[in-house]
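Trainee: sequence and predicted model, in that order:
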Amino acid sequence: MASKDHTDPARMEKIVSLCKRRGFIFQAGELYGGLNGCWDYGPLGAELKRNLKNYWWRKNVQERDDVLGLDGAILTMPQVLVASGHVGGFSDPMCDCLLTKARLRADQIEPQSGTVYHFSGASHAASSWSIERIYAVLVSGDNAEARASKTARQFYAQFLANKQVSPKELELVAGASEQVVDSTAYNPANGSLLTEARAFNLMFQTKMGASAEENDPSSVAYLRPETAQSIFVQYKNVLDSNRVKLPFGIAQIGKSFRNEINPRNYTFRSREFEQMEIEYFCRPEDGMRLTDEWLEERLKFYEEIGIPRAKLHILDVPDGERAFYSKKTYDIEYEFPFGIQELEGVAYRTDYDLGVHQKASGKPLEYFDEETKEKLLPHVVEPSAGCDRTLLALICEAFDEEELTDEKGKSEIRTLLRFTARMAPIKAAIFPLLKKNEDQVRISREIQKMLQPFMNVFYDETGAVGRRYRRQDEVGTPFCITVDFETLGEGGDDLKDTVTLRHRDSMEQERLPISQLLPWLLERIM
Ligand code: GAP
């Protein structure tokens, strides 16, 4: 098993490059320089995402009697998010570098040791300019004092009215110096003092309604930071409009938005992303057991889409690190090339969510048990997965490079995405062996038309067949179908109306009657 710190930036670079080159993922607004933390899925990325979401829905809603679907609004009333605690508490502690204004996550600053030089101001005699302001710089190693003074001069120079004056010309008012160990009050990049940490709310706020007054609080709405809240808010409506009994779940796939301070690792931490969440309502005594059961369900799901169990890590989040209302939380983590990182959380949230909404709305959200004649506030187990993160894990897992040697001893690298047929964006590619052969083209087009209502297929007639295979390998197409001279009956009646079917992973080929293609493929892509 890989260690937590193991990373492979070269592999990640190749994946990012392939994703752009072959149309999986583009940066949003790239034409204008790009919108940080936002991504557009190209034609193949959109297919892959659709396959992932459809399979999640099929497994968690369609094939279960106890889970119903919901498609909630993205724009959310402040009342909902005040009650849930997001307005008051959904924040990261942030501080700013006094020199560069770079904003840093206070809880992610690497502790620094060294000498701190304090200053109380600076002046420029020639222009009679001076400033009184507390500043400090942490430095270690050679020429510490000179380097601290240089940084301090750059800091004070920001306040000069006359920008012609060089920082070097400033006279510093230096104070004491002191040794510090493991301090997080200074910017690790330049030693400059940071501001005190402040809570920075991660929600995107907007205004609703054409006539909304500039400062009218009733016009405020938020882009939801998670899909879960509309499930809690609609739980009673779902319960009353459907004949469901505890335990039952409500599932939702949809966009969520967080103004992440530091979007990073490609699509892993984005500002706009999709979640696939289930809130599973149950009796209190079943909460712990169901949390473990959902964990197993979710691990099975990842295996079924091509993320092996061996690459997943389960973090049993210890006491003190879980949300205060959670009695148990598992993080399901995957070995990304940039380290082991969270894909999904499976959390036992007790009756916290329904409790806060019941209290804030003043409306009863209790469940009436017909059999025991008992009223109770259900508890909740929440498997909450990230769609974009799972898609990234699928691509990282599928990416492979293989060295092949041809009959003449020449070697080449075959790049391929080993997607499961279930997830692959293109299920089959169809080639006429020769594009000038009208019958081969006609039959290929007929096969394309036959398969299209059931799956995404791709027709390609350009270049040598070997090159066409490579192009499909690179985007993860599991099967290639070639219509050749045998199909036309030139190899004898036995092979007439059969095609060559080539497997991506083994590169083995077999012949299959055209009439069997559809059931053969359907069996493998479901
Ligand atoms: N309702 C619970 C909830 O939202 P979370 O751990 O904040 O919990 C659940 O988010 C999942 O959503 C994460 O495990 C991750 O897969 C995904 N997710 C969260 N923030 C994300 C972001 N900024 N970018 C991409 N995915 C994100």
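Mentor: Here it is on my side, so go on.
Trainee: and C97, its phi and psi?
Mentor: The main-chain torsion angles of C97 are listed as degrees, to the nearest 10 and equal phi -80, psi 130.
Trainee: next one, pLDDT for it please.
Mentor: If you check C97, the pLDDT there is 96.
Trainee: return the set of residues that bridge with it.
Mentor: When bridges are called by DSSP bridges, C97 pairs up with L194.
Trainee: residues contacting it?
Mentor: Contacts of C97 were listed using Cβ atoms under 8 Å, 6 or more residues apart in numbering, and they are R103, L104, N187, A189, N190, S192, L194. In short, each C-beta sits where N, CA and C put it, glycine included.
Trainee: again with L239
Mentor: Y367.
Trainee: phi, psi of E178?
Mentor: Dihedral angles of E178 (phi, psi; degrees, to the nearest 10) stand at phi -150, psi 160.
Trainee: if you skip the residues just before and after it, what's nearest to K53?
Mentor: When the adjacent residues along the chain are set aside, K53 lies closest to I253, with 5.3 Å between them (Cβ to Cβ, 6 or more residues apart in numbering).
Trainee: let me see the mean pLDDT of the strand or helix carrying the one you found.
Mentor: If you go by DSSP states H and E, I253 is part of strand 248-257. Predicted confidence along strand 248-257 averages 98 (mean pLDDT).
Trainee: tell me the helices and strands packed up against that strand.
Mentor: Contact partners of strand 248-257 among helices and strands, from 3 or more Cβ pairs under 8 Å, 6 or more residues apart in numbering; DSSP states H and E: helix 43-57, strand 67-70, helix 228-241, strand 272-282.
Trainee: what is the helix or strand following the last one packed up against?
Mentor: So the one you mean is strand 272-282. Towards the C-terminus, the helix or strand next in line after strand 272-282, according to DSSP H and E, is helix 287-305. Counting contacts by 3+ Cβ pairs under 8 Å, 6+ apart, the secondary-structure elements packed against helix 287-305 are helix 43-57, strand 272-282, strand 312-316, strand 328-336, strand 339-350, strand 379-386, helix 387-398.
Trainee: contacts for the last one?
Mentor: By that I understand helix 387-398. The contact list for helix 387-398 (Cβ under 8 Å, 6+ apart) reads 11-12, 15, 19, 24, 39, 45, 48-49, 52-53, 56, 253, 266-268, 270, 273-276, 302, 305-308, 311, 334, 336-337, 341-344, 416-419, 423, 476.
Trainee: helices along the stretch 1-150 of the chain, start to end?
Mentor: 9-21, 43-57, 78-83, 86-89, 144-157 (DSSP state H, counting those that start in this stretch).
Trainee: does the third one come close to the ligand?
Mentor: Read it as helix 78-83. No: Helix 78-83 lies apart from the ligand when judged by Cβ under 6 Å from any ligand atom; the minimum separation is 12.5 Å.
Trainee: how about the helices and strands packed on helix 287-305 in JSON lines, adding mean pLDDT and mean neighbour count?
Mentor: Conversion of those to JSON lines gives the following (pLDDT from 0 to 100; neighbours: other Cβ atoms under 10 Å):
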{"stretch": "helix 43-57", "mean pLDDT": "98", "mean neighbour count": "19"}
{"stretch": "strand 272-282", "mean pLDDT": "98", "mean neighbour count": "23"}
{"stretch": "strand 312-316", "mean pLDDT": "97", "mean neighbour count": "15"}
{"stretch": "strand 328-336", "mean pLDDT": "98", "mean neighbour count": "21"}
{"stretch": "strand 339-350", "mean pLDDT": "97", "mean neighbour count": "22"}
{"stretch": "strand 379-386", "mean pLDDT": "98", "mean neighbour count": "24"}
{"stretch": "helix 387-398", "mean pLDDT": "98", "mean neighbour count": "23"}
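Trainee: closest to G209 out of these?
Mentor: Taking Cβ to Cβ, strand 272-282 is the member of those nearest to G209, at 22.9 Å.
Trainee: now the angle from the closest one to helix 287-305?
Mentor: Strand 272-282 and helix 287-305 meet at an angle of 140 degrees, taking axes from the mean of the first three to the mean of the last three Cα atoms, to 10 degrees as the criterion.
Trainee: picking that back up, near the ligand, list only the ones from the contacts of helix 387-398.
Mentor: Among the contacts of helix 387-398, the ones lying close to the ligand by the criterion of Cβ under 6 Å from any ligand atom are S270, F273, Q275, E342, L343, E344.
Trainee: which residues in the stretch 351-500 of the chain form helices?
Mentor: Counting by DSSP H, counting those that start in this stretch, the stretch 351-500 of the chain has these helices, from start to end: 352-361, 387-398, 438-451, 465-475.
Trainee: how close does Y55 get to R269?
Mentor: With distances defined as Cβ to Cβ, to the nearest Å, the gap from Y55 to R269 amounts to 24 Å.
Trainee: who's in contact with the closest residue to K328 other than its chain neighbours?
Mentor: Here the nearest residue to K328 in space, its sequence neighbours aside, is Y348; by Cβ to Cβ, 6+ apart that works out to 4.3 Å. Contacts for Y348 (Cβ under 8 Å, 6+ apart) come out as G287, M288, L290, T291, S326, K327, K328, T329, H379, V380, V381, E382.
Trainee: ok, the second one touching K327?
Mentor: Yes: here M288 lies in contact with K327, judged by Cβ atoms under 8 Å, at a distance of 6.9 Å.
Trainee: where's the closest residue to A152 other than its chain neighbours relative to R271, distance?
Mentor: The shortest distance from A152 to any non-neighbouring residue, by Cβ to Cβ, 6+ apart, is to F119 (4.8 Å). Between F119 and R271 the distance, using Cβ to Cβ, works out to 37 Å.
Trainee: what's across from the closest residue to the ligand within the stretch 251-400 of the chain in the sheet?
Mentor: Distances between the stretch 251-400 of the chain and the ligand by Cβ to the nearest ligand atom are smallest at G386, namely 2.2 Å. Here G386 sits in beta bridges with Q275, as judged by DSSP bridges.
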